[in-house]
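Asker: Provide a 3D model corresponding to the input given below.
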Amino acid sequence: MILELKNKIVKVFLLMTVVLAISNHLYALPKVYLVQGEKATQVEKSTILDFKNDISKVIEAEVIVITDKDRIPTNGTVFLLGTIHSNKKLAKLSRSKKISLSDKQPGARGGIWAKLHLKKYRNVIVLGGSDVQGLQYAIYDYSHQILNVDPFEYWTGKVPVKKKSFDFFNFDGKTIAPPLVPIMCYFENDVDELANYRGKLLEYDWESYTEMINSLVRIRYNAIQFFDMLGRPEFFVRPAYKKLSPNYQIDEAYLEKMIDYAHLKGMQVQIDLSLGYQIHPLSVDESYCWTTYKEKWIEGWKYYFEKTAIAKADIFSLRPRHQVWDWEYTSACGEDKIVVFNEVYSVLGELIDHYKPNATKIAFCYHDGMEMFNEGFNPPKDWIAVWCDDGFGDFDYLPKSTKGYDFGTYMHAGFWKNHTVHNPYPMKVDTIMKKMFREYGADKYCQVNGQNFRPFLFNLEAYSEVCNQPENFNGEDFYQTWCERYFSKEAARSAVKSMKILHEVQTGRNGYVQHLWEILEAISYLSNKPIELPGKDAVPYSYERVENDIDNLKREIDSFQVAIDQAEKGMETNIMNKEFYYSYILLPVHLYSNLISFESTLHEMALLKREFEQTGDKLSIAKAELLLETGKEKLKLVYKNCYEGDQNQKWDNWYSPEIRRPNNGFPTFEMLDSISETLKSLNQ
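Answerer: Numbers count the residues shown, from 1 in each chain. Below is the predicted model:
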């Protein structure tokens, strides 16, 4: 009896073991193996970790990172990742001609996707690069195009749909050609909204900064120029900034941490060696005469290299302009500025060669620098000459000759006159960039000013695409495909129509911030008070200044209602990423509309005040006083939409007037009270 009971227990135990084994087999997570080289660089490892996280967003799987020294498992999906120098298995496949991958094939910053059926490894996927950046593009392109992981996921809220199973082999093998432009540099400039909306003022919070870098790398930007984060002069000199942050002090340890992270993600770091940063500022007097204060300039550059994290940079640049403020160099000691900067670039070039012999050197022909280049400004030939747009994708000047220099461009995805509301212009990106490539060979470098990044995702990616493979870029197609990536097709059509009008009304170096200046001009005239400017003479009030703005604004208002109607139509029909549609398409046109509607009321009042000045009819002033109440209601709406901002709480505070970039100011109710006092005095 006891023996029979024992046998039954053993049988039950064996049965349970079998059932458990079958259950584990049936419900075990699929395995994905990422095979990196034992000699993989930190950048490769970081990219492969991103890939591991991307896969986990798409499918519940056990994603395991192993090295080329480990035995390749026969179960699960296997990815071979790396270059022929970092991954021995890829090197072996290259030698045996099973993959077309070498230093020269496809070439620097190029990569491959391949599917292989090997006796030893079974089925494997190869994502490889001729170099580390080529590997990055192979991986990030696969994540975007096959896994549907959006490069702007953090900023747009677009996430992939998680699936129970996934066919990783559902793609065609291909060669990823090297981008035409070898250096795509993001310029962090005028970043107040991004740096202020959470955390410490005038400094990126770590999450925003790292997510910005992560997105830039995924769309092929491989360099970043630090500028604001070096402590630009405005931050500790200009009254508006001193009021915003009275105890501003650059955090050099944090700057170094940001540089290190950029390097970890495979980006080169660029520093403009102008001399106004809080990190070691040149005095204003010393900045006006190279001949007298040459040693002071050199001392500042040496300090950068010897005492600061600037020494970690890979690219160094300079503008042939004033070295503290970004305006034309006007010598206080009778120098010829072209002669001065021919010498400056020679001396600085020698210093860079001494401290960082393999660094890239960039000469920005910015504003008057383009005239200087055409008239005899000739830095040493190992500097890349970079031609600069007018802030809106056009050029005020073109080179008479490139004079044998390697040539590049400096373009604006966002400009200080429209940094609150974007100005989408992919067709201009298309025509202008191709012209610069074709006629001037300006394809050795491209810097894109992204302002505060988030509103300018559209233009940022357009510039990256045209600099990658210009023959495949079409501005009209980009409009549609970019919007359809985020919105339903019907909503995308409305979004495109709205954005096109938004671009059209911002012609002539116009934009949201330009309207703030026009509003100041109108308020100045209506209150009989000059416009006070920091460090400059006050601007006298006059009707003529307002008169120049009236007709332009009327044309904008007449056409802009269509932009609002289309944006709202798209909001009604959109079934995808509703919060992002509101944030990127609808909110900007409302913000712009609110502002120009308020300005229009000020213009009506200005016309009435002018009528009084010409005729003495006090009825005109009485009408203007009545309109002032309308103006107050419209200004309330401006503030309401600024404070409410996005529907997504992640972006709370972004548009707050108190922490926005202070250029051209912002209208206040106190200003309207001043107008009221002036009108009352005229009506007595």
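Asker: Name all residues that make contact with Phe341.
Answerer: If a contact means Cβ atoms under 8 Å, 6 or more residues apart in numbering, then Phe341 has Pro320, Tyr329, Met372, Phe377, Pro379 as its contacts. Any C-beta I mention is one placed from the backbone N, CA and C, and that applies to glycine too.
Asker: wait, what's in contact with the residue nearest to Leu682 when sequence neighbours are not counted?
Answerer: Sequence neighbours aside, Ile621 is the residue nearest to Leu682 in space, at 5.1 Å (criterion: Cβ to Cβ, 6 or more residues apart in numbering). Listed by Cβ under 8 Å, 6+ apart, the contact set of Ile621 reads Leu608, Lys609, Phe612, Leu679, Leu682, Asn683.
Asker: Ok, Ser287 next?
Answerer: Leu275, Gly276, Tyr293, His322, Gln323, Val324, Trp325.
Asker: would you list the residues you listed in TSV and tack on secondary structure, neighbour count and distance to Leu255?
Answerer: What follows is the contacts of Ser287, written out as TSV (DSSP: H, G, I helix; E, B strand; the rest coil; neighbours: other Cβ atoms under 10 Å; distance: Cβ to Cβ, whole Å):
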residue	secondary structure	neighbour count	distance to Leu255
Leu275	coil	24	17
Gly276	coil	24	16
Tyr293	helix	20	26
His322	coil	18	23
Gln323	coil	24	20
Val324	coil	20	19
Trp325	coil	16	22
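Asker: Can you tell me which of the contacts of Phe341 is closest to Ser46?
Answerer: Nearest to Ser46 among the contacts of Phe341, counting by Cβ to Cβ, is Pro379 at 35.3 Å.
Asker: Look up which helix or strand the closest residue in space to the closest one that isn't next to it in sequence falls in, please.
Answerer: Closest residue in space to Pro379, ignoring its immediate chain neighbours: Tyr345 at 3.7 Å, by Cβ to Cβ, 6+ apart. Taking DSSP states H and E as the definition, Tyr345 sits inside helix 337-355.
Asker: how many other residues sit next to the closest residue to His590 other than its chain neighbours?
Answerer: Computed as Cβ to Cβ, 6+ apart, the closest residue to His590 that is not its neighbour in sequence is Asn641, at 5.7 Å. Look at Asn641: counted by other Cβ atoms under 10 Å, it has 16 neighbours.
Asker: How about the strand or helix carrying Asn641, which residues are buried there?
Answerer: In this structure, Asn641 sits in helix 618-644 according to DSSP H and E. For helix 618-644, the neighbour count (16 or more other Cβ atoms under 10 Å) marks 620-621, 623-625, 627-628, 631-632, 634-635, 638-639, 641-642 as buried.
Asker: if I read this right, Lys164 contacts Ala61, doesn't it?
Answerer: No: Lys164 is beyond contact range of Ala61, at 10.5 Å (criterion: Cβ atoms under 8 Å).
Asker: Please, where are all the helices along the stretch 151-300 of the chain?
Answerer: Here the stretch 151-300 of the chain has its helices, by DSSP state H, counting those that start in this stretch, at 153-156, 192-196, 206-218, 233-237, 239-244, 252-264, 290-307.
Asker: Please apply the same query to the stretch 451-600 of the chain.
Answerer: Under DSSP H, counting those that start in this stretch, the stretch 451-600 of the chain gives helices at 457-468, 475-486, 489-504, 512-527, 543-573, 578-581, 587-615.
Asker: out of those helices, nearest to Ile146?
Answerer: helix 475-486 (14.6 Å).
Asker: Now that closest one: buried residues?
Answerer: Going by 16+ other Cβ under 10 Å, helix 475-486 has these buried residues: Gly475, Phe478, Tyr479, Gln480, Trp482, Cys483, Glu484, Arg485, Tyr486.
Asker: Redo those residues as CSV? Include pLDDT and distance to Lys115.
Answerer: Shown next, in CSV, are the buried residues of helix 475-486 (pLDDT from 0 to 100; distance: Cβ to Cβ, whole Å):
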residue, pLDDT, distance to Lys115
Gly475, 98, 34
Phe478, 98, 29
Tyr479, 97, 33
Gln480, 96, 31
Trp482, 98, 29
Cys483, 97, 32
Glu484, 97, 28
Arg485, 97, 26
Tyr486, 97, 30
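Asker: possible to save those as TSV with distance to Ile659?
Answerer: Shown next, in TSV, are the buried residues of helix 475-486 (distance: Cβ to Cβ, whole Å):
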residue	distance to Ile659
Gly475	34
Phe478	33
Tyr479	32
Gln480	35
Trp482	29
Cys483	30
Glu484	34
Arg485	31
Tyr486	28
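Asker: Nearest to Ala567 among the residues you listed?
Answerer: Cys483 (11.8 Å).
Asker: if I look at that closest one, how far off is Glu207?
Answerer: With distances taken as Cβ to Cβ, to the nearest Å, Cys483 is found 27 Å from Glu207.
Asker: so where's this protein uncertain?
Answerer: Along the chain, segments meeting pLDDT under 70 span 1-27, 121, 535.
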